[in-house]
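In: Sharing a model that was predicted from the sequence below.
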Amino acid sequence: MAGREEREARFRVLFDAHYDRVHAYAARRAGASMADDVAATTMGIAWRRLDEIDARLELPWLLTTARHVVSTTIRGDVRRRARDEAEHPAHLPDLAGGVVERSAIRDALDALSDADRELLLLCTWDDVAPADAARVLGLTPGTVRVRLHRARRRFRDAYAFQGSAHPTPAMAIGELA
């Protein structure tokens, strides 16, 4: 029984002398959130391998072990994250695609005549009914419907000419999705 008590006493001395430094090392290397786990794992390994630790080299041995624990933990986290991302890919918005689409819409609108652009914007983006647009523009409702139809066709052609991979925006041509 004396052997076990001596082993426990040696470990207590080792723990009291070096735990704070091992914990601080772990916090610097792995962050505060992982420091407790790394320090505890390191001390658990030290307990199991206590007979192999040279009493003059305890701190270097503990820090080397903590370094290995940090590396192993980080590698495991990286693998786990990669596996999780492969199984459940994060949906990231296509911000670049939106910019490209807006640019193509702007270019297609710029390609229209002032009258076509005004009518198209008034009816689709300002959500003004053709009859009301006719009043605004001083035209007959029939004329507005014909011009709007032609403006939408010219917009579709100009948009397609831009080479956009996106379909023609429904709102731009007055089709509600």
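Out: Now that the structure is in, tell me what you want to look at. Residues are numbered from 1 along each chain as shown.
In: helices or strands next to the host helix or strand of residue 72 in the packing?
Out: Per DSSP states H and E: residue 72 is located in helix 58-87. The elements that helix 58-87 packs onto, with contact taken as 3 or more Cβ pairs under 8 Å, 6 or more residues apart in numbering; DSSP states H and E, are helix 2-30, helix 32-48. C-beta: built from backbone N, CA, C; applies to glycine.
In: who does the first one touch, helix- and strand-wise?
Out: Read it as helix 2-30. helix 32-48, helix 58-87.
In: got the angle for the helix holding residue 72 vs helix 2-30?
Out: In terms of direction (axes from the mean of the first three to the mean of the last three Cα atoms, to 10 degrees), helix 58-87 departs from helix 2-30 by 60 degrees.
In: Please identify the buried residues of helix 58-87?
Out: Within helix 58-87, the residues scored as buried using 16 or more other Cβ atoms under 10 Å are 58, 61-63, 65-67, 69-70, 73.
In: export the residues you listed to CSV and tack on pLDDT?
Out: CSV is the format used below for the buried residues of helix 58-87 (pLDDT from 0 to 100):
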residue, pLDDT
58, 94
61, 95
62, 95
63, 93
65, 95
66, 94
67, 91
69, 95
70, 91
73, 87
